[in-house]
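Just need the structure, nothing else, for what follows:
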Amino acid sequence: MLNTTLRACALALPFVLTTPALTPAFAQEVRTAVTAASPDGSIVLTVSTDNDSRPTWSLSRKGKLLIAPSKLGFILTDGLNMVRGFSIAGSDKGQGNDRWEQPWGERRFVTDRYNEVTVRFRQSDVQGARLMNVHFRLFDDGVGFRYELPEQPGLKTMKIADETTEFDIAPKGTAWWIPGGEWNRYEQVYQKTPIDAVSTAHTPITMRLDDGTHLSFHEAALVDYAAYWLKRASGQTFRTTLSPSSQGARVIRDLPFNTPWRTIRIADSAAGLVENDLELNLNEPNKLGDVSWFQPAKYIGIWWGMIRGDWSWAEGPKHGATTTRTKQYIDFAAKHGFRGVLVEGWDKGWNGDWFGHGDDFSYTQSTPDFDLPGLAAYAKKKGVHLIGHHETGGNIANYEAQLDDAMKLYGGLGVDVVKTGYVADAGGIIAPGDKPGETHMEYHDGQRMAQHHLRVVETAARYHVAVNAHEPIKDTGLRRTYPNWVGREGARGMEYNAWGAFANGPDHEPTLVYTRMLSGPMDFTPGVLSLEGADHAPLASTLAKQLGLYLALYSPIQMAADFIENLAKYPSELDFIAKVPADWSESHLIAGAVGDYAMFARKDRNSENWYVGGVNDATARTVTLNFDYLEPGKTYNATIYKDGEGATYLSDARHRITYETRTFRKGDRYDLWLAPGGGAAMRLVAAKK
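This is a model prediction of the structure:
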């Protein structure tokens, strides 16, 4: 009865502080409640306290309960927990309506329209009289909330053992997720299960409810705090659990401070989930100012040969990063229009067992057979930029000691993008201690690593260097605040295909679109046109799908990962890769279903051209594509790359591809057949009048 009453009040008013009128029999259950609604009124929030004086929140959408009353609070390591004895001391409301421009991204302009309310809680004197604010921001397509801990006499430093933030998901549905806290971090195959079969999951975790509503749980603005894993408590009630720390307390912060935002994207369709900027909007605006020195682009690299085992990172007869080979790659990049050449294994420290150690890495000293200054100059003369590489082996104590010198070296040589790496098992980060020479072990997504990654990004920015982190902490939209944080890995990338047949199954990329990619750009490293890993191990992909990846998995730095000799064998496909942009003014998911297939239409930021394409799972299907986004009255000449008749990832027919030319206008439709493990790509150029 109480929840129904509160929801009715919330639907009537966008912001209201209410005390429901109840009969004397229910007087003991009276709770002050705060309600708020999204700008269009479809999403309604209710914040209250339960019979144990625990703060709670709930959410309804279109009149239906979405999140049942769920608890809020903290468990501390050095004092009474902040979970009971709370009352609502008051609330403050507000709203926002803005449109801001990204320096690069999936779309140029982002709309930021919301209502917000901050609910002020006070704990009873016997429980410590602590103050805790919870700030909710409601959008038409989701909600974000964070704890805001103000200055207060009885609490100077919070030592947080864990949060008790709950999400009690009311309707039944299906979830796509990967386990949190496992040895291989985020690099896992996604599972598809009922919601109540999830154990502990990394975010983003995506759900499709039985009524078709799509949800994605994640976080925004992860700064100086531990990432959370979504842990199922019972049934469909989930709780945030913070990544561990060697310090005991998982987060230690002096007051005042704000936690990251806990976010839920909410949509009627898969497209609504994908075309959603919730986390970006919950981050602070650009702090770096002019970042025009970073240019979205494509690159090739001395990398695939090491992943496959043909070359080595270590010095010796198989060493990949030689001056001679790097010049070959620079020449190829210049000839075919690639801006960057990534070189791994150029520096000292790769000899021996570096995995999870990283003690010997130097970030300023080259191996004897690699001339860094000479190659940087050679690349510049050819109109190409070297992409740097800093592998740490998980040893951030060694890396941080050299960080400024390393970024200064790159900046001075014109190496304006660096790929960082943290190859170590989960919990295997070697962090500096308080005393000289002292170290301790941390998780890749704990508070210490949140601090570390931001330090790397800020240091790199001083020297006009952009950062692409591998084995990273997850993306939470901080690219808005620090636009030189241009890419991350944070999932099973192309490299797994080098190590075994169909290592990434055909549904892997169509699942990434609706899960990992909701957090931000991924350096997946597509473009293995040979469709072979080591020992001729086949990829679960057709040739057309490799092109479709450039539309499906966004990054402002896109690699053509294959050997240059293999890329040269496919001139038509290479031409497409060279021309497909890495920066867009618009992006739309025009057809797709979670885990099955995804087809995008994206408009080049620097021309009137459109690119359409995407990826398919193991089921052959015909998809009807629309062209409603084209400019009225214009005709577009399309070059289409699609699966050839009989193509399938399961045999040598994976290389069958068909080229077609067509013209399209706004309102046209096109039936496209997608092979098992297939995909497609097309380039639409506006015809001259």
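
From what I see, T203 and H218 are in contact.
Yes: the pair T203 and H218 qualifies as a contact (C-beta atoms under 8 Å) at a distance of 4.4 Å. Placement of C-beta: from N, CA and C, glycine included.

can you give me the helices in the stretch 451-600 of the chain?
508-512, 543-552, 564-568, 571-579 (DSSP state H, counting those that start in this stretch).

typo on my end, it should be the stretch 151-300 of the chain
270-274, 278-281.

Take the ones you listed and write them to CSV, including mean pLDDT, mean neighbour count and distance to Y147.
Formatted as CSV, the helices of the stretch 151-300 of the chain follow (pLDDT from 0 to 100; neighbours: other C-beta atoms under 10 Å; distance: least, C-beta to C-beta, whole Å):
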stretch, mean pLDDT, mean neighbour count, distance to Y147
helix 270-274, 98, 22, 26
helix 278-281, 98, 25, 17
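
between those helices, which gets nearest to T663?
helix 270-274 (25.7 Å; C-beta to C-beta).

could the helices of the stretch 451-600 of the chain go into a markdown table alongside mean pLDDT, mean neighbour count and distance to D78?
Shown next, in a markdown table, are those (pLDDT from 0 to 100; neighbours: other C-beta under 10 Å; distance: least, C-beta to C-beta, whole Å):
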| stretch | mean pLDDT | mean neighbour count | distance to D78 |
| --- | --- | --- | --- |
| helix 508-512 | 98 | 26 | 41 |
| helix 543-552 | 98 | 28 | 48 |
| helix 564-568 | 98 | 17 | 58 |
| helix 571-579 | 98 | 17 | 55 |
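
TSV for those helices, including distance to L76?
Listed next are the helices of the stretch 451-600 of the chain as TSV, based on distance: least, C-beta to C-beta, whole Å:
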stretch	distance to L76
helix 508-512	37
helix 543-552	44
helix 564-568	56
helix 571-579	53
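
for those helices, which one sits closest to Y611?
With C-beta to C-beta as the criterion, Y611 lies closest to helix 543-552 of these, at 5.9 Å.

For the closest one, C-alpha coordinates in CSV please.
Written as CSV, here are the backbone C-alpha positions of helix 543-552 (Å, rounded to 0.1, in the frame of the first residue of the first chain):
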residue,chain,number,x,y,z
LEU,A,543,35.9,-11.4,-44.7
ALA,A,544,33.0,-9.0,-44.9
LYS,A,545,32.6,-9.2,-41.1
GLN,A,546,36.2,-7.9,-40.6
LEU,A,547,35.1,-4.7,-42.5
GLY,A,548,31.8,-4.6,-40.5
LEU,A,549,33.8,-4.4,-37.3
TYR,A,550,34.9,-0.9,-38.1
LEU,A,551,31.3,0.2,-37.9
ALA,A,552,30.2,-2.0,-35.1
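
For that helix, give me every contacting residue.
Contacts with helix 543-552, where a contact means C-beta atoms under 8 Å, 6 or more residues apart in numbering, come from 509-510, 513, 524, 526-529, 531, 558, 570, 573, 576-577, 580, 598-600, 602, 611-616, 641-643, 647, 649, 654-657, 675, 677-681.

residue contacts, the closest residue to K172 other than its chain neighbours?
Distance criterion C-beta to C-beta, 6 or more residues apart in numbering; nearest residue to K172, sequence neighbours excluded, is D210 at 5.1 Å. Counting by C-beta under 8 Å, 6+ apart, D210 touches P171, K172, G173.

State the distance from D210 to L273.
16 Å (C-beta to C-beta, to the nearest Å).

Verify the contact between A503 and S541 for me.
No: here A503 does not reach S541: they are 11.3 Å apart, not a contact under C-beta under 8 Å.

higher neighbour count, the two?
Each of A503 and S541 has its neighbours counted (other C-beta atoms under 10 Å); S541 has more, 29 against 19.

pLDDT at that one, what is it?
Per-residue pLDDT puts S541 at 98.

What backbone torsions are found at it?
phi -160, psi 150 (degrees, to the nearest 10).

ok now do it, which residues does it touch?
With C-beta under 8 Å, 6+ apart, S541 has these contacts: P506, V528, L531, Y649, R654, G677, G678, G679.
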